[in-house]
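> Can you look at this prediction? I've put the sequence above it.
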Amino acid sequence: MVKYSVVIGCEVHVQLLTKTKAFCSCENRFGGIPNTRVCPVCLGLPGALPVVNRAMVEYAIKAGLALNCKVASVTKFDRKNYMYPDLPKGYQISQYDIPICYEGYLDIESDGSTRRVRIRRLHMEEDAGKNIHLEDDSGLSYVDFNRCGTPLLEIVSEPDITSPEEAVSYVQGLKEIMLYLEISDCNMEEGSLRCDANINLHIEEGGEVFETPIAEVKNMNSFKAMKNALHYEVERQLKEWREHRYTLKDFGKITRGYDDRTGKTILQRSKEEESDYRYFPEPDLKPILIPEELIREIRQSIGELPREKRKRLISEYGITEKDAKILSSSVALSAYFERAAKGYREPRKIANWVITELGGFLNSEGISIEECNLPPVYIRKLVELIDGGKISGKIAKDVFAEMTRTNSNPEEIVRRKGLSQITDREELQRVVKGVVEGNPKSVADFKGGKDHAFKFLMGQIMKVTRGRANPRIARDILKEMLEDD
Amino acid sequence: MIDDKTLESILFMSKLDVDENVREKFRSQIDSVITYFEILKEVDTESVTSSAEEAVGMDELRMDEKKESFSTAILKSFAIHFMDGYFAVPRIIEKRKAEEK
């Protein structure tokens, strides 16, 4: 039995949702007709000069502060040189020795406890274009430069992650923050959130610790793929250790690509050394001064982060962890919920209506909570009507549908449509009597031991009252009548 | 003289393929270039400040406003092979295959 620990560090690339690219004014968005968003700068044509997008710098500071990083007072760009057809300049504008943010951390949940993953650095860089390889006889590859120059953040963690599950939890935590800050859409399938993981094992044997060669695992396009790829890599490295006893000293770092189809990682190439990239300061861009005042302003604009918000929503409103997670995923959604629930004695019910009914409505309409005109107080009034016994839960759904259609106050809808619940005992007795007399076969069935007949009779009562009968009172009366009969 | 590993690395990064019969000639040429850089290193640049060291403020950065990109017609005129909106380039093959030990 080999005793070992897993050591993982993550490099996460996040595409920023700026309107334009990092160093030119071409539109920044995913997909579209190839090569329609390119210009001399992002194509690297001779003489073209890059100009830094201010929004990219501000987004980077925002992300860094949310990840508890220090922000450099002066930052600069560097050239990372490598040749590939998707990089027309022959170099990528990145940051080398003075990243904009550094020394941060992200707390994650792991096995019911909190673990801190340190963040070494967060820097800005540009994305490359996309190559398309067809299996034909042309001997050609095809290049789309639309993505070239898309602003990216690269977030590099320390190797503090100790399992594939923790790695997933870390990247999910980053995603949650980026979405909350509204600086990226973090769509893994479209590549706007990409994670490479450096993984190796520390094996204890004979009082010594041996480190297996570090594999940089790429091409993990979903959280599931990430978990599977890293589990595979743990097993592969263990097997390699048992068979060959290779250590970090025997190998340089290697790159392995994950194949989702086979569930395996495949050796791609031995990893470039840093010196292979021949980093040097970008001569076309001057260093940037980051004023304290700007950092303060951005810090203030961030407000409460999802994790803190989640904890507060649970303690302040007594809602479930699951509901708190959904509500804290967006600033607008949590604000909506809080406006509806503030001061109400049963906030859980309001959370349920916001998540299930309102969420369902937004989905079906294809609109966001920001675009929803329904005042939060209407949700609260609706829940009050149910809790006060004025309407049933079933009628409430109809009222909600009317609310979203007409943007009206639920009390007004109930009044106008005569939807208030019938709680008057005498009135209900008349209804129940009529149903019992009109359905002798069901009454006989019930008396013969067929319980479903009771449900049928209740259904008839609801049908006659158009769902307005108070179900508890109606049930009691029906029971009494059937027993007395 | 540079060793085999360094020579291989330089050839890989320069995307160069050198025939065996001129390999040694090439090695000595590369070596002389590198040696020349060793001479350049001796130049005292301590007191020389680069214009790039003058930092700019945030106000000098570009506002996030979209402008027109190139038209397809212009792009076509740049490219030797342009097909269905894509630039066509010689097929990319990873030349240096890493070997599993």
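Thanks, I have it. Numbering: from 1, shown residues only, chains lettered A, B, ... in the order given.
> C-alpha only now, for contacts and for neighbours.
Noted.
> Near A:Gly393, how many residues? Count them for me, please.
16 (other C-alpha atoms under 10 Å in any protein chain shown).
> who are the neighbours in contact with the residue lying closest to it once chain neighbours are set aside?
Distance criterion C-alpha to C-alpha, 6 or more residues apart in numbering or on different chains; nearest residue to A:Gly393, sequence neighbours excluded, is A:Ile386 at 6.3 Å. Shown here is A:Ile386, whose contacts under the criterion C-alpha atoms under 8 Å, 6 or more residues apart in numbering or on different chains are A:392-393, A:396.
> So for those residues, which is the shakiest by pLDDT?
In terms of pLDDT, A:Ser392 ranks lowest among these, with 83.
> sorry, back to before: so the residue nearest to A:Gly393 is in which element?
helix A:376-387 (DSSP states H and E).
> So for that helix, mean pLDDT?
94.
> that's a strand at A:Asp107, yeah?
Yes: assessed by DSSP: H, G, I helix; E, B strand; the rest coil, A:Asp107 belongs to a strand.
> Need the outlier residue of chain B, farthest from its centre.
Here chain B reaches farthest from its C-alpha mean at B:Asp59, the gap being 31.9 Å by C-alpha atoms, centre = their mean.
> Could you tell me which helix of chain B is the longest one?
Ranked by residue count and defined by DSSP state H, the top helix of chain B is helix B:20-41.
> which parts of it are buried?
B:27, B:30-31 (16 or more other C-alpha atoms under 10 Å in any protein chain shown).
> and which of these is nearest chain A?
B:Ile30 (16.0 Å; C-alpha to the nearest C-alpha).
> The spatially closest residue to A:Ser408 that is not a sequence neighbour: helix or strand, and which one exactly?
Of all residues not flanking A:Ser408 in the chain, A:Glu402 sits nearest, at 7.6 Å (C-alpha to C-alpha, 6+ apart). Assessed by DSSP H and E, A:Glu402 sits inside helix A:393-406.
> Confirm for me that A:Met458 is in contact with A:Arg475.
Yes: counting by C-alpha atoms under 8 Å, A:Met458 does reach A:Arg475; the two are 7.0 Å apart.
> any idea whether the residue nearest to A:Phe210 when sequence neighbours are not counted is helix, strand or coil?
Closest residue to A:Phe210 apart from its sequence neighbours, by C-alpha to C-alpha, 6+ apart: A:Ile203 at 5.0 Å. Three-state assignment for A:Ile203 (three-state DSSP): strand.
> can you pull the contacts of A:Ile203?
Applying C-alpha under 8 Å, 6+ apart to A:Ile203 gives the contacts A:2-5, A:209-212.
> Out of those, flag the one nearest to A:Asp196.
Distance to A:Asp196, by C-alpha to C-alpha, is smallest for A:Thr212 among these, at 17.9 Å.
> Any idea how many residues pack against residue 88?
Picking chain A for this. Counted with other C-alpha under 10 Å, residues neighbouring A:Pro88 total 17.
> um, chain B though
For B:Ala88, using other C-alpha under 10 Å, the count is 22.
> So which elements touch the helix or strand harbouring it?
Assigned by DSSP H and E, B:Ala88 falls within strand B:86-90. Here strand B:86-90 touches strand A:140-144, going by 3 or more C-alpha pairs under 8 Å, 6 or more residues apart in numbering or on different chains; DSSP states H and E.
> Which neighbours in the sheet does the lowest-mean-pLDDT helix or strand in chain A have, and how are they oriented?
In chain A, no helix or strand scores lower on mean pLDDT, DSSP states H and E than strand A:264-270, which sits at a mean of 83. In the sheet, strand A:264-270 lines up against strand A:254-259 (antiparallel) (DSSP bridges).
> on that earlier part again, packing partners of the helix holding A:Glu402?
helix A:376-387, helix A:410-417.
> so after the least confident helix or strand of chain A, what's the next helix or strand?
strand A:280-281.
> who's in contact with that following strand?
Under C-alpha under 8 Å, 6+ apart, the answer for strand A:280-281 is A:76-80.
> What of stretch A:434-452?
Under C-alpha under 8 Å, 6+ apart, the answer for stretch A:434-452 is A:453-454, A:456-457, A:460-461, A:482.
> Repeat the analysis, applying 7 Å as the threshold.
The contact list for stretch A:434-452 (C-alpha atoms under 7 Å, 6 or more residues apart in numbering or on different chains) reads A:453-454, A:457, A:460-461.
> Around A:Pro471, how many other residues sit close by?
With other C-alpha under 10 Å as criterion, A:Pro471 counts 18.
> picking up where we left off before, buried among the contacts of A:Ile203? Need that as a selection in PyMOL.
A single PyMOL command selects the buried members of these (16+ other C-alpha under 10 Å):
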select buried, chain A and resi 210+211+212
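> Just the contacts of A:Ile203: which are in strands?
In this view, these that belong to strands under DSSP state E are A:3-5, A:209-211.
> For B:Val18, state which of those residues is nearest.
Distance to B:Val18, by C-alpha to C-alpha, is smallest for A:Glu211 among those, at 37.4 Å.
> how far away is the closest one from chain B?
Look at A:Glu211 and chain B: by C-alpha to the nearest C-alpha, to the nearest Å, they are 16 Å apart.
> Could you do A:Leu43 as well?
A:Leu43 is 10 Å from chain B, by C-alpha to the nearest C-alpha.
> Could you do A:Pro376 as well?
From A:Pro376 over to chain B the distance is 34 Å, taken as C-alpha to the nearest C-alpha.
> Apart from its chain neighbours, what residue comes closest to that residue?
A:Ala340 (4.7 Å).
> how about the helix or strand where that neighbour lies: buried residues?
Element membership for A:Ala340 (DSSP H and E) is helix A:331-341. Judged by neighbour count (16+ other C-alpha under 10 Å), helix A:331-341 contains these buried residues: A:331, A:333-334, A:336-338, A:340-341.
> hmm, back to that, show me what the residue nearest to A:Phe210 is bridged to.
Note on A:Ile203: beta-bridge partners A:Tyr4, A:Phe210, judged by DSSP bridges.
> Good, we can wrap up now.
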